[in-house]
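Q: From the sequence below, what's the structure:
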Amino acid sequence: MRPLIPFLAVALAGCSQIPDLTVPSMDFPASYANTEASQLTAPQAWWGLFGSPELDALEQAALAANHDFKAAVARIEQAEATLRIAGSPLLPNVTATGTGSSAMSHSSTTSTRTGATVKRSYQGSVAASYEVDFWGKNAASVQSAEASLAASRFDRDVVALTLTANVASTYFQALALGDRVAVARRNLDIARQTLELAEKLAGFGQTSELEAAQQRSNVALIEAQLPALELQRVQVVDALAILTGLPPSKLALNGTTLAGLPAPVVQAGLPSDLLRRRPDIARAEANLAAANANIGIARAQLFPTVSLTAEGGLLNPYLISLADAHNTFWSLGTSIAGTLFDNGKLRGNVDLSEAKLRESAETYQGVVLTALKEVEDSLAGTHWLAQQEDAQNRAVTFAREAQRLSDVRYREGAVEYLTVLESQRTLLQAEDGAVQVRLARLTASVNLVKALGGGM
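A: I've put the predicted structure just below:
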């Protein structure tokens, strides 16, 4: 039997109905449009670039307990089981059976009483069946299952990358809201001090009651912002808890500010590197290979199936003598079955598989183009947001000085109250805007890492 195995393998491979797989070629640019020099390379645990022990702990907790990630791991286990199922027809199916039966018969004559005779029979047998894979259907099923397993593993990597990026972005949002609350409280203190001065001046008749009323309105507007910001922060922390697999009430953050977190610039590499770095591209290519193998399955079903069967066993009226070699039996059989008419069903399956392959090819190309766009967008974001942050920080410096001078001159009676009110509003907007730009810059760094496929 063993000398036949290499021959059968060659013969079956020659009858494969799987078409040659052609991965669509993509026209990659030589470099990205927004690439900068002197850049860092993201490590495998890329979130370490931000230097936050709390973020590191949150990422590890998410990878250990997030339910979406666990579901992706379970899908890999399903794909592994499917592969074992697909590979089972490559070897014969062997079954063993044992039966025992008893039969009673009665007989009587005129000279004797009625008698009963019991006949017993015991049988043990082993049967084997095997479908000869002349047309490569079973081999194609295995190849499809292998590609689907690879796609499941890449899907897990996609989920992990998306999860870790979401944890980082959500964590930064929570810290940014803490900063915005602090900004609002600082400005509220300034507004209340101005209100106290306006009320004193109005009491002395040095200014009108209108100015005091306007400042009361300004104080109330800032006070109204605080509950809204606190609510947003609670909701963001709750979302972060879900990402880490915890009930919302179980997560409490130690960090309250973005101050001290760097905004690293990640090395982009070459556009063609995305083929090996992005797990969603690898997943799309694996799905393409699975769709290609499914064509081989559909084509093989157009041809007749050839099955071999064999059975042998022992038969004896006494169980204790069942192993007696004189009571053996055996049988061999061959069957060929083919479809004569199915109203185009099998041919339709082929057409369906070929159409799915074309769909997978288009999906693959779309994923690659989307990856290129995401990298370009993220590179542009990190570049322009850095400039915006510099300008915004200058605006904060100027707004603080303007607010200080307007307050001094108002106390001296040199400017009108509207100047003070406008300077306070400008300062609040500038400081709040600076926090949001900082958040956008950190998020852009996270998005760039994600667009590049994570740390390699």
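Q: Secondary structure element holding residue 70?
A: Following DSSP states H and E, the helix or strand that holds residue 70 is helix 67-87.
Q: Give the buried residues for that helix.
A: 69, 72, 75, 76, 79, 82, 83, 86 (16 or more other C-beta atoms under 10 Å). Where C-beta positions appear, they are placed from N, C-alpha and C, glycine not excepted.
Q: Mind giving me the packing neighbours of that helix?
A: Here helix 67-87 touches helix 137-203, going by 3 or more C-beta pairs under 8 Å, 6 or more residues apart in numbering; DSSP states H and E.
Q: Kindly spell out which helices and strands sit in contact with the helix it packs on.
A: Counting by 3+ C-beta pairs under 8 Å, 6+ apart, helix 137-203 packs on helix 53-65, helix 67-87, helix 209-243, helix 279-300, helix 345-411, helix 417-451.
Q: ok, 7 Å please
A: The contact analysis (3 or more C-beta pairs under 7 Å, 6 or more residues apart in numbering; DSSP states H and E) places helix 137-203 against helix 53-65, helix 67-87, helix 209-243, helix 279-300, helix 417-451.
Q: quick check, distance from the last one to the centre of its chain.
A: Yep, that's helix 417-451 we're talking about. Relative to its chain's centre, helix 417-451 lies at 32 Å (C-alpha atoms, centre = their mean, to the nearest Å).
Q: What average pLDDT does it get?
A: For helix 417-451, mean pLDDT is 90.
Q: what's the answer for the third one, then?
A: The average pLDDT within helix 209-243 is 90.
Q: buried stuff in whatever helix or strand comes next after it?
A: Of the helices and strands lying after helix 209-243 in sequence (DSSP H and E), the nearest is helix 274-277. Neighbour counts over helix 274-277 (16+ other C-beta under 10 Å) mark 274, 275, 277 as buried.
Q: sorry, back to before: can you list the residues that contact the helix holding residue 70?
A: With C-beta atoms under 7 Å, 6 or more residues apart in numbering as the test, helix 67-87 has contacts from 63, 141-142, 145-146, 148-149, 152-153, 155-156, 159-160, 163, 245.
Q: and the angle from that helix to helix 137-203?
A: 170 degrees (axes from the mean of the first three to the mean of the last three C-alpha atoms, to 10 degrees).
Q: begin at 3 from here
A: Let's use 3 as the start, then, which means that last one is helix 69-89.
Q: and helix 69-89, how far out from the chain's middle?
A: The answer for helix 69-89 is 14 Å, by C-alpha atoms, centre = their mean.
Q: how about the CA coordinates for it, as CSV?
A: Written as CSV, here are the backbone C-alpha positions of helix 69-89 (Å, rounded to 0.1, in the frame of the first residue of the first chain):
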residue,chain,number,x,y,z
HIS,A,69,-14.8,40.1,24.7
ASP,A,70,-14.4,41.1,21.0
PHE,A,71,-10.8,39.9,21.1
LYS,A,72,-11.8,36.7,22.8
ALA,A,73,-14.4,36.2,20.2
ALA,A,74,-11.8,36.6,17.5
VAL,A,75,-9.7,33.9,19.2
ALA,A,76,-12.7,31.6,19.3
ARG,A,77,-13.1,32.1,15.6
ILE,A,78,-9.6,30.8,15.1
GLU,A,79,-10.5,27.7,17.1
GLN,A,80,-13.6,27.3,14.8
ALA,A,81,-11.4,27.5,11.7
GLU,A,82,-8.9,25.0,13.1
ALA,A,83,-11.8,22.5,13.7
THR,A,84,-13.1,23.2,10.2
LEU,A,85,-9.7,22.4,8.8
ARG,A,86,-9.7,19.0,10.7
ILE,A,87,-13.1,18.3,9.3
ALA,A,88,-12.0,19.2,5.7
GLY,A,89,-9.0,16.9,6.0
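Q: what's the average pLDDT for that helix?
A: 92.
Q: so the residue nearest to residue 126 when sequence neighbours are not counted, which of the three states?
A: Leaving out its chain neighbours, the residue that sits closest to residue 126 by C-beta to C-beta, 6 or more residues apart in numbering is residue 100, at 4.6 Å. Three-state call for residue 100 (DSSP: H, G, I helix; E, B strand; the rest coil): strand.
Q: From residue 316, how far off is residue 100?
A: Remark: distance between residue 100 and residue 316 (C-beta to C-beta, to the nearest Å) = 10 Å.
Q: quick one, which of the two is more surrounded?
A: When neighbours are counted by other C-beta atoms under 10 Å, residue 100 and residue 316 differ, and residue 316 comes out ahead with 19 against 12.
Q: separation between that one and residue 335?
A: The value you get for residue 316 to residue 335, if C-beta to C-beta is used, is 19 Å.
Q: Low-confidence regions, the stretch 153-302 of the chain specifically.
A: 206-210 (pLDDT under 70).
Q: for the stretch 3-152 of the chain, what are the low-confidence residue spans?
A: 3-16, 32-33, 36-46, 104-118, 120, 124.
Q: now do 90
A: 3-47, 51, 90-96, 98-140 (pLDDT under 90).
Q: Nearest residue to the most centrally placed residue in the chain in space, please, no chain neighbours.
A: Taking C-alpha atoms, centre = their mean, the centroid of the chain lies closest to residue 161, which sits 1.9 Å from it. Spatially, and ignoring its direct neighbours in sequence, residue 161 is nearest to residue 74 (4.2 Å; C-beta to C-beta, 6+ apart).
Q: Repeat that for residue 277.
A: residue 283 (5.9 Å).
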